[in-house]
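**Q** below are the sequence and a predicted model; questions follow.
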Amino acid sequence: NAGVMQNPRHLVRRRGQEARLRCSPMKGHSHVYWYRQLPEEGLKFMVYLQKENIIDESGMPKERFSAEFPKEGPSILRIQQVVRGDSAAYFCASSLIPGTVTDTQYFGPGTRLTVL
Amino acid sequence: TQLLEQSPQFLSIQEGENLTVYCNSSSVFSSLQWYRQEPGEGPVLLVTVVTGGEVKKLKRLTFQFGDARKDSSLHITAAQPGDTGLYLCAGRGYNNNDMRFGAGTRLTVKP
């Protein structure tokens, strides 16, 4: 399967714990995007990363959230000290040539985070 | 921030009916994309429109990009239960490397 992979698909955490969400982009893609989707809503942009660089984090909450895309390995979205309001589906997308009008973002299946 | 508004938010119709959903903004986009998302899955790209006034057809789906590149519509002819899903539009600005999504239209087609 050469598509975008996310794991885990479902994650349950208690308030105060840390959540780590992983995303492996499509083969050959070095640009990764993270989105959050609340029930019955659309996707909200969180952060855009290239390998080892954060390009745009304008959608990231200022506290508790961080993202990285190391030279080797998947992109990680980390949420520290989770609260119930963090419960949502988190989607990762990757693209090959961002910034072009016809660039396509390919989405993974998402990680559904539930905070108890 | 480029705000995309989609309407209607919810739409429930019978199989065989036609429908149109809309995506509007006060901002101009270099391109606009439509995605469909099914429950439990990520969005899947349907089409990209680039030129103002452009019309693209994908079987029973017809996509139009407004002349001013601020809005778009998706028309489905003879809807089928398999068309059920969340339809999202996403616009790309001229100065951004990322896209902004609308909240979506949730379509239910009843057999």
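**A** Arrived safely.
**Q** contact residues of chain B facing chain A?
**A** B:6, B:30-31, B:33, B:35, B:40-45, B:48, B:50, B:86, B:88, B:92, B:96-104, B:106 (Cβ under 8 Å from any Cβ of the partner chain). C-beta here means a position set from N, CA and C on the backbone, and glycine is covered the same way.
**Q** any chance of a ChimeraX selection covering the buried ones in these?
**A** Per 16 or more other Cβ atoms under 10 Å in any protein chain shown, the buried members of those correspond to this ChimeraX selection:
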select /B:6,30,31,33,35,41,42,43,48,50,86,88,92,96,97,98,99,100,101,102,103,104,106
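**Q** out of the residues of chain B next to chain A, which sit inside helices?
**A** Among these, DSSP state H puts none in helices.
**Q** run a quick neighbour tally on the residue nearest to B:Q14 when sequence neighbours are not counted.
**A** Computed as Cβ to Cβ, 6 or more residues apart in numbering or on different chains, the closest residue to B:Q14 that is not its neighbour in sequence is B:K110, at 5.4 Å. B:K110 has 11 neighbouring residues, counting by other Cβ atoms under 10 Å in any protein chain shown.
**Q** do the same with B:S73
**A** Neighbour number of B:S73 under other Cβ under 10 Å is 17.
**Q** can you check A:E63 too?
**A** 8.
**Q** B:R36 contacts B:C89, doesn't it?
**A** No. Taking Cβ atoms under 8 Å as the definition, B:R36 is not a contact partner of B:C89, at 10.8 Å.
**Q** which one of these two is surrounded by more residues?
**A** Neighbour comparison, B:R36 and B:C89: the larger count goes to B:C89, with 32 against 19 (by other Cβ under 10 Å).
**Q** what residues are up against the residue nearest to that one when sequence neighbours are not counted?
**A** Excluding its sequence neighbours, the residue lying closest to B:C89 (Cβ to Cβ, 6+ apart) is B:C23, at 3.5 Å. By Cβ atoms under 8 Å, 6 or more residues apart in numbering or on different chains, the contact set of B:C23 is B:L4, B:E5, B:Q6, B:L32, B:W34, B:D71, B:S72, B:S73, B:L74, B:C89, B:G91, B:G102.
**Q** and the second one, what are its bridge partners?
**A** Right, the one you point to is B:E5. Beta-bridge partners for B:E5, by DSSP bridges, are B:N24.
**Q** tell me the contacts of the most centrally placed residue in chain A?
**A** Residue closest to the average C-alpha location in chain A (Cα atoms, centre = their mean): A:W34, at 3.3 Å. By Cβ under 8 Å, 6+ apart, the residues touching A:W34 are A:C23, A:M46, A:V47, A:L49, A:A67, A:S75, A:L77, A:Y90, A:F91, A:C92.
**Q** dump the residue contacts of the residue of chain B found nearest chain A.
**A** Nearest residue of chain B to chain A (Cβ to the nearest Cβ) works out as B:G42 at 3.3 Å. B:G42 sits next to A:V4, A:F91, A:A93, A:F107, A:G108, A:P109, A:G110 when contact means Cβ under 8 Å, 6+ apart.
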